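1. quick one, structure for this:
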Amino acid sequence: MDMARIQGTFNSAWGPYLGLTAFLLFTLVALYRESFLSLATIWFRSETFSHGVIIFPISLFMVWTRRNELSLLQPRPSAWGLGLTLAASVAWFFARLADVLVVQQLCAMTMVPALVLTMLGTQICRRLAFPLAYLVFAVPMGEILVPLLQDFTAAFVVLAVQLSGLPVFVEGRYISLPSGNWEVAATCSGIRYLMASAALASAYTYFTHRSAWRRIAFILLGFIAPVAANGLRAYGIVMLGHLSDMRIAVGVDHLLYGWLFFGVVMMLLFWLGYRWREPPSPAPPAQRAVLNQGDAKAMAALAITPLALLTLASGLLANTLLIAADNPIKPPLLVQAPVASSPWHGPQENDGSWQPRFLGANGFIEQTYTLHGQAVTLYIAYYTAERQGAELISSENSLYDTSLWRRIGETDRSVALHSGERVPVHESLIRGRDGSRVIWHFYYIAGHCTTNPLMAKLLSAWARVMHRGSVSGVVAFASEHNEESEAAHQRLEQFLPDFYEPIASTLAPVPS
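-> Next up is the predicted model:
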């Protein structure tokens, strides 16, 4: 079968399916435009996810390279695609309720292969599995890994410096050498290198390798290599600074050195991938080109299109109905700080030395209480109607000003109340110019306490679905810490049981 014959068969047999698929994808972007626009905004705003701009063109090119093989197949609409579209749409609805933008974006992106599966069928989607799965790199995921990468990099640098025979002192992510001090900041975590390396390695292995195990191995290497390389990069920067008396690798050359190092690592990675290369797969034999060009399949595609549109819009419809039925609670007209009872004294005005930041909150409580002359500072930020830019769980919120305080440790605890119930708290130990503090915090949502940000999002979404009018908030309390004494922990362990009920009453449902 010559190329002209294949091209003619491809156009005539695939025309209705390609047209309807394009129509559904256009409808998807139109319906979920907020999610797709937020993707584009992050691509152009964030250096970490700027690679997202090229993901769609690369995916389309992957599909184009398989056009001859695809021309020998007959599209067959699949009900499995409808199920996947419905699941992604419903998941988008709950992500919208919880206001988790990255999950909304992921669900919207998942609907692309779901619609392709709906119109073209499983046989074709199996051959397009890699290009369709590659679209996941367009979603700006991975920021949740930043703290883990920071901790790994700090531990790597400390171990490498110790093996180099230099004295080193580490406190959280702060590293001190005789020549100077270093911090493994979020920008030093290597998340940029990791995201870019994973996307490039996945594209490279698709065009270079054929066997599944080589592709999987090379993709895993694309994830592992930049993490290890970032540890070496950070160690190199510290050593350059140390050996040059802090004259080299502490300014702009710090960033330049990092990207040059990343370029070398990627060249080595691609060289290794080239050594593993495999010859292209042979072209499919002409006798396999048996296509059914009858009208029955085209009619099936037309019949399934309204169902695809319905499943596609189900999440949006549910969200619209919920908004129409929603009766958001009104902000409290007056929220007062809990009044202390013996042996506690207060409330008193906070001295301002420790001030958390929660953007867009409807109100705050910042008061200090004393026990035998020792202070515990209480902070509550509450939300009555969360929205973008005003969320309880947000990367923009913080328990302390990082320009004034630095984290030197954290752990999870649980504290027994007077009723015997246990409340989870997350402990952060911070240090600043005025000493150290222990901070305990938890999220209070619809009568439930949690320290897990994801669980807090889910509880907020569930409370909204069930129309349970409740203020959601963060409760944090801190006390000055002496490393040689456990007095601060003892004060906090007494403070929470004594003040839990008044705090819960403050965040109780508010009548509308």
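2. helices and strands of the chain: which one bottoms out on pLDDT?
-> In the chain, no helix or strand scores lower on mean pLDDT, DSSP states H and E than helix 295-325, which sits at a mean of 70.
3. got the residue ranges for the helices in the stretch 51-200 of the chain?
-> 55-64, 67-70, 79-98, 101-120, 122-127, 129-133, 146-163, 191-208 (DSSP state H, counting those that start in this stretch).
4. can I get those in CSV with mean neighbour count?
-> (C-beta placed from N, C-alpha, C; glycine too.) Below are these laid out as CSV (neighbours: other Cβ atoms under 10 Å):
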stretch, mean neighbour count
helix 55-64, 15
helix 67-70, 14
helix 79-98, 20
helix 101-120, 24
helix 122-127, 15
helix 129-133, 16
helix 146-163, 18
helix 191-208, 21
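5. those helices: which one's closest to Thr377?
-> helix 146-163 (24.7 Å; Cβ to Cβ).
6. parallel or antiparallel, which strands does the strand or helix carrying Tyr382 pair with?
-> Element membership for Tyr382 (DSSP states H and E) is strand 374-383. Sheet pairing of strand 374-383 (DSSP bridges) gives strand 363-371 (antiparallel), strand 472-481 (antiparallel).
7. nearest to Ile365, out of the helices of the stretch 51-200 of the chain?
-> Here helix 79-98 is closest among the helices of the stretch 51-200 of the chain (Cβ to Cβ), at 24.9 Å.
8. what about that closest one, distance to the chain center?
-> 19 Å (Cα atoms, centre = their mean, to the nearest Å).
9. quick one: the helices in the stretch 201-350 of the chain?
-> Using DSSP H, counting those that start in this stretch, helices in the stretch 201-350 of the chain cover 212-243, 252-275, 295-325.
10. in a markdown table: the ones you listed, plus distance to Ala416 and mean neighbour count.
-> Formatted as a markdown table, the helices of the stretch 201-350 of the chain follow (distance: least, Cβ to Cβ, whole Å; neighbours: other Cβ atoms under 10 Å):
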| stretch | distance to Ala416 | mean neighbour count |
| --- | --- | --- |
| helix 212-243 | 40 | 18 |
| helix 252-275 | 48 | 14 |
| helix 295-325 | 38 | 15 |
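11. out of those helices, flag the one nearest Ser436.
-> helix 212-243 (25.0 Å).
12. now the angle from the closest one to helix 191-208?
-> 150 degrees (axes from the mean of the first three to the mean of the last three Cα atoms, to 10 degrees).
13. hmm, back to that, to Trp80, which of the helices of the stretch 201-350 of the chain lies closest?
-> Trp80 lies closest, by Cβ to Cβ, to one member of the helices of the stretch 201-350 of the chain: helix 295-325, at 11.4 Å.
14. low-scoring stretches of the stretch 251-400 of the chain, by residue?
-> By pLDDT under 70, the low-scoring segments of the stretch 251-400 of the chain are 251-259, 280-302, 321-335, 386, 388.
15. mind splitting this structure into its structural domains?
-> 3-141+294-325, 144-275, 344-506 (automatic domain parsing).
16. now tabulate these in a markdown table and tack on distance to Ala337.
-> A markdown table is the format used below for the domains of the chain (distance: least, Cβ to Cβ, whole Å):
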| stretch | distance to Ala337 |
| --- | --- |
| domain 3-141+294-325 | 28 |
| domain 144-275 | 31 |
| domain 344-506 | 4 |
